[in-house]
Structures are given as C-alpha cells and as structure tokens.
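>>> no sequence on this one, just coordinates:
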C-alpha cells in the first residue's frame with residue numbers, strides 16, 4: 001500500500017482540488033500519523049501501520065518554519081491562495097493549536113494578507129472552547145461530517161474514544177454559519193460491508209443535518225488517491241452532481257471535487 005506521510009511542520013505548496021495553491025502546516029510528526037480518526041480511505045494510511053516516533057512540532061518551531069517559508073515564497077513565488085492546516089492527522093489535537101493559529105494569522109497578515117487561513121478538521125475537538133475560538137478566527141473552518149449514521153462513522157471513519165454524531169452536529173451549529181462542511185462520498189465494501197453513502201438512505205438525513213447547521217458552504221468530494229482499503233470505489237461524477245443539485249435546491253452553496 002502506498003501512503004503519503006507529509007513533512008512537518010511545513011509542506012508544499014501543493015495544488016488543492018478545493019483550495020488552489022496551498023501551503024500546508026502539519027502539526028503531526030513527520031514520520032507517521034497522529035489522528036483521532038482512522039478512516040479507511042485516508043491517504044496517510046492506517047494509524048497502527050504508521051505510528052510516529054518523533055514528537056509533535058513545538059509552537060516556536062512551527063512559527064519559525066512558517067515565517068522562513070513565507071519569506072521564500074515572497075521572494076521566489078508562488079503566492080499562496082491558502083495556508084492550510086492538514087497533514088498526517090488531526091491538527092486541532094495539538095496542545096498549542098490555538099496559539100499556533102494566532103501566530104499563523106499574524107504571519108499571513110505580514111507576508112500574504114490576501115491568503116486565506118484554512119483548517120481541515122474531523123470535528124472531534126470542536127467541543128473544546130479554545131479550539132472553537134481558534135476556528136472562529138480562521139477564514140475557512142472546514143469540518144468533516146461524512147454522514148449522520150453513527151454505525152457508518154464507526155465502520156468508515158473509526159473514531160478513537162467517545163463519539164456521538166448528535167453532539168458533533170450541535171457543536172457544528174454553534175459556529176452560526178462560520179463553518180464549511182466537508183463530506184466524503186464513496187462506494188465499495190469494507191470487510192464485506194457495503195460503504196456506499198451516495199444513496200438516499202444516507203444523503204437525505206445528512207442533508208437535513210446540513211440544513212440545520214446552515215454552513216457558509218459544503219464541499220463534497222470522493223476518493224482521489226490510493227486508500228488503505230483496496231475495495232473502496234470513487235463516487236461517480238453523476239452521483240456527486242446529483243447531491244450537489246440537492247444542496248443548491250435547498251439554498252446551500254456547494255462545490256464538488258471529482
């Protein structure tokens with residue numbers, strides 16, 4: 001299995017299907033995966049197969065590396081469209097995530113004030129007040145909600161520890177629109193179980209939850225790279241377009257990445 005383990009704390013810039021020229025900030029170690037989910041579709045592989053030995057990058061290490069990279073990009077290009085917290089795991093789990101967000105916004109304002117600060121998160125730590133407050137400061141607060149079916153989440157996203165989808169939805173509502181929902185749609189099987197979440201059984205309850213959250217935008221996407229489970233299949237363009245139209249008919253701004 002081919003997996004992608006990103007450098008830390010800075011990687012890229014890379015071209016993002018959803019965000020454009022993206023300079024990445026990886027708050028996980030550079031030698032493995034550090035995540036509160038263990039998604040069967042994760043390009044970084046499974047947690048057990050990619051356990052890091054190195055420590056998390058420290059706040060000052062992140063700040064110095066980011067400033068050096070922004071200086072280089074200012075001198076040599078390209079200009080970033082976004083500075084994105086992503087990488088080998090869940091960025092909001094870092095103990096100094098709120099302070100690192102403050103540092104990032106300050107450096108963005110100094111070097112590339114037109115760039116957006118984005119966070120890609122699985123939503124598991126948004127109940128923490130300091131994490132919530134930090135996410136309210138970023139331009140693109142992109143939070144995962146793959147379905148509202150908890151059994152499906154346990155099978156596909158495989159959260160560690162306590163997880164309650166109703167609590168997640170309530171916490172997403174608390175952003176009062178300052179949130180972008182990201183949802184993975186796919187087909188195929190996992191250990192013989194069907195993981196197709198493109199049909200009405202999954203889409204219609206998910207759509208009702210999205211409407212109640214009232215996000216600024218929804219990003220739907222499908223598998224783009226090799227996955228740990230070889231029995232997963234991309235959702236088709238037609239299937240994503242159908243879901244996209246349902247969102248738009250309900251007045252929800254949305255995009256699809258095929």
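Done, it's in. Keep in mind that this is a model prediction, so the values were computed, not measured.
>>> can you pull out the strands in this structure?
Ranges of strands within the chain are 10-16, 20-26, 82-86, 116-121, 140-144, 180-184, 186-190, 193-194, 217-221, 232-234, 254-257, based on DSSP state E.
>>> can you redo those strands as JSON lines with mean neighbour count?
Just so you know, the C-beta spots here come from the backbone N, C-alpha and C atoms, and that holds for glycine as well. Output for these, formatted as JSON lines (neighbours: other C-beta atoms under 10 Å):
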{"stretch": "strand 10-16", "mean neighbour count": "18"}
{"stretch": "strand 20-26", "mean neighbour count": "22"}
{"stretch": "strand 82-86", "mean neighbour count": "27"}
{"stretch": "strand 116-121", "mean neighbour count": "22"}
{"stretch": "strand 140-144", "mean neighbour count": "23"}
{"stretch": "strand 180-184", "mean neighbour count": "22"}
{"stretch": "strand 186-190", "mean neighbour count": "18"}
{"stretch": "strand 193-194", "mean neighbour count": "12"}
{"stretch": "strand 217-221", "mean neighbour count": "21"}
{"stretch": "strand 232-234", "mean neighbour count": "17"}
{"stretch": "strand 254-257", "mean neighbour count": "18"}
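>>> confidence-wise, which of those strands is weakest overall?
If the strands of the chain are sorted by mean pLDDT, strand 10-16 sits at the bottom with a mean of 91.
>>> for it, which helices and strands make contact with it?
The contact analysis (3 or more C-beta pairs under 8 Å, 6 or more residues apart in numbering; DSSP states H and E) places strand 10-16 against strand 20-26, helix 59-76.
>>> out of these, which one sits most buried?
strand 20-26 (a mean of 22; mean count of other C-beta atoms under 10 Å).
>>> which residues touch that one?
Applying C-beta atoms under 8 Å, 6 or more residues apart in numbering, the external contacts of strand 20-26 come out as 6-16, 57, 62, 66, 69-70, 73, 78-88, 91, 100, 104, 115, 118.
>>> just want the most central residue of this protein.
residue 120 (2.9 Å; C-alpha atoms, centre = their mean).
>>> what's the closest non-adjacent residue to it?
Computed as C-beta to C-beta, 6 or more residues apart in numbering, the closest residue to residue 120 that is not its neighbour in sequence is residue 86, at 4.6 Å.
>>> ok, what's across the strand from the residue nearest to the centre of the chain?
residue 142 (DSSP bridges).
>>> returning to what we had before: out of the helices and strands packed on strand 10-16, flag the one nearest residue 137.
strand 20-26 (14.6 Å; C-beta to C-beta).
>>> in its sheet, what does the closest one sit against?
Here, using DSSP bridges, strand 20-26 pairs with strand 10-16 (antiparallel), strand 82-86 (parallel).
>>> give me the contact list for the last one.
Among residues not part of strand 82-86, those counted as contacts by C-beta under 8 Å, 6+ apart are 6, 16, 19-27, 66, 91, 104, 108, 112, 115-121, 139-140.
>>> state the distance from the residue in the chain sticking out farthest from the centre to residue 111.
Computed with C-alpha atoms, centre = their mean, the residue of the chain farthest from its C-alpha average is residue 75, at 29.4 Å. Distance, residue 75 to residue 111, by C-beta to C-beta, to the nearest Å: 10 Å.
>>> that older thread, I'd like the strands of the chain as TSV, with distance to residue 208 appended.
Converted to TSV, the strands of the chain look like this (distance: least, C-beta to C-beta, whole Å):
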stretch	distance to residue 208
strand 10-16	29
strand 20-26	31
strand 82-86	29
strand 116-121	22
strand 140-144	17
strand 180-184	13
strand 186-190	21
strand 193-194	22
strand 217-221	13
strand 232-234	25
strand 254-257	15
